[in-house]
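> what's the 3D shape of this:
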Amino acid sequence: MSDAAALDDYLAQGGKLTAPENAAPRYRGELMRLMAAFVDSEMAGAAGFADGINAAPGLGGRVAAARIVQEKFEHAARVLKIMGEFGADTARYATHQPWAARLGRDADIGTVRRPGDMRLNVFHYPLEGWVDAVMMNVLMGRATVIQLQEFTALSYQPLADAFRAILPREARHAQLGEVGLGSICAEPGGRGQAQAAAGYWMPRVAASFGTPHSARFDTLNRFGLRHETNETLLTRWRTAVSAILAANGLTA
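Below is the predicted model:
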């Protein structure tokens, strides 16, 4: 049996790696891709949400929004440090993309990534006002929690440990969004605005789970970097957000 086959077998049986020198080239490439997608998404999410801080209706909302932005940048830095151990140029990472740049509101890019940018496609769409930002935070916040729960069991132990530390803070971001949504829906006309925002963001956040029957999943699963399919995670998200929306008199 080759060393690569032996490593695949070890990882498929739940084995863990703890240092870059233990990673075979294909494993290293998939791991770097996964980390880049997370870092780029946190950078873009924070940059986009930062513009909405002053749109919050009160001081408490602005403090909460600012904390979300700060912590997302901290999460990006934490995972970027691990990328640096694999040779990534961390010094230029913060400036190599226009993280706050967005496409037009009516753009439809599905699940196809933009060249040279690993952010989830949902972070290419612009926010329009406070209600829109809160709804996006509610829906994407819950998606992030579900995706991070999957990543806490991945086979590169330092990254799994980082995601375990990040997960409670991302869960709190989602909860803050849900509190904000409740306040919006309690205001005259707020429920109608929230429903319109849900209609816009639901399909775009759903696309962040990737395509059904992904060919890459089999490779990631063999390497211990993924365990549950895109369809399984998407179904879990739909169930969760449907309940959140229903509690506020909204429909998914």
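
> what's the helix or strand that contains L80 packed up against?
Element membership for L80, per DSSP states H and E: helix 59-85. Contacts defined by 3 or more Cβ pairs under 8 Å, 6 or more residues apart in numbering; DSSP states H and E place helix 59-85 against helix 25-50, helix 129-151, helix 157-185. Bear in mind the C-beta positions are built from the backbone N, C-alpha and C, glycine included.

> Out of those helices, which one sits most buried?
Mean neighbour count (mean count of other Cβ atoms under 10 Å) peaks for helix 129-151 among the helices and strands packed on helix 59-85, with a mean of 23.

> In terms of pLDDT, where does G141 sit?
Here, the pLDDT recorded for G141 equals 97.

> Tell me which residues touch it, please.
By Cβ atoms under 8 Å, 6 or more residues apart in numbering, the contact set of G141 is 170, 173-175, 177.

> Recalculate using a threshold of 7 Å.
Contact analysis of G141 by Cβ atoms under 7 Å, 6 or more residues apart in numbering lists 170, 173-174, 177.

> could I get those as JSON lines with pLDDT and distance to S242?
Shown next, in JSON lines, are the contacts of G141 (pLDDT from 0 to 100; distance: Cβ to Cβ, whole Å):
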{"residue": "E170", "pLDDT": "97", "distance to S242": "20"}
{"residue": "H173", "pLDDT": "95", "distance to S242": "20"}
{"residue": "A174", "pLDDT": "96", "distance to S242": "15"}
{"residue": "G177", "pLDDT": "94", "distance to S242": "16"}
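
> What count of nearby residues applies to F86?
Per other Cβ atoms under 10 Å, the neighbour tally for F86 reads 14.

> Same check on the one 5 residues further on?
As a burial measure, the neighbour count of A91 was computed by other Cβ under 10 Å and equals 9.

> now do the one 3 residues further on
Applying other Cβ under 10 Å, we find 14 residues neighbouring A94.

> how near is the spatially most central residue of the chain to H75?
Nearest to the mean C-alpha position of the chain, counting by Cα atoms, centre = their mean, stands T144 at 4.3 Å. Separation of T144 from H75 (Cβ to Cβ, to the nearest Å): 10 Å.

> repeat for E30
Separation of E30 from H75 (Cβ to Cβ) stands at 20 Å.

> Would you mark the buried spots in stretch 123-130?
By neighbour count with 16 or more other Cβ atoms under 10 Å, stretch 123-130 contains the buried residues 123-125, 127, 130.

> average model confidence for that stretch?
94.

> start to end distance for that stretch?
16 Å (Cα to Cα, to the nearest Å).

> Touching that stretch from outside, list them.
Against stretch 123-130 from outside (Cβ under 7 Å, 6+ apart): 41, 44-45, 48, 52, 55-57, 102-103, 105, 107, 109, 114, 133, 136, 204.

> Equivalent analysis for stretch 86-99, please.
Defining contact as Cβ under 7 Å, 6+ apart, one finds that stretch 86-99 is touched by 20, 28, 32, 43-44, 47, 80, 83-84, 117.

> JSON lines for these, including distance to D8 and pLDDT?
Listed next are the contacts of stretch 86-99 as JSON lines, based on distance: Cβ to Cβ, whole Å; pLDDT from 0 to 100:
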{"residue": "P20", "distance to D8": "18", "pLDDT": "94"}
{"residue": "R28", "distance to D8": "14", "pLDDT": "96"}
{"residue": "M32", "distance to D8": "18", "pLDDT": "96"}
{"residue": "M43", "distance to D8": "32", "pLDDT": "95"}
{"residue": "A44", "distance to D8": "33", "pLDDT": "95"}
{"residue": "A47", "distance to D8": "38", "pLDDT": "93"}
{"residue": "L80", "distance to D8": "27", "pLDDT": "97"}
{"residue": "M83", "distance to D8": "23", "pLDDT": "97"}
{"residue": "G84", "distance to D8": "26", "pLDDT": "96"}
{"residue": "D117", "distance to D8": "30", "pLDDT": "86"}
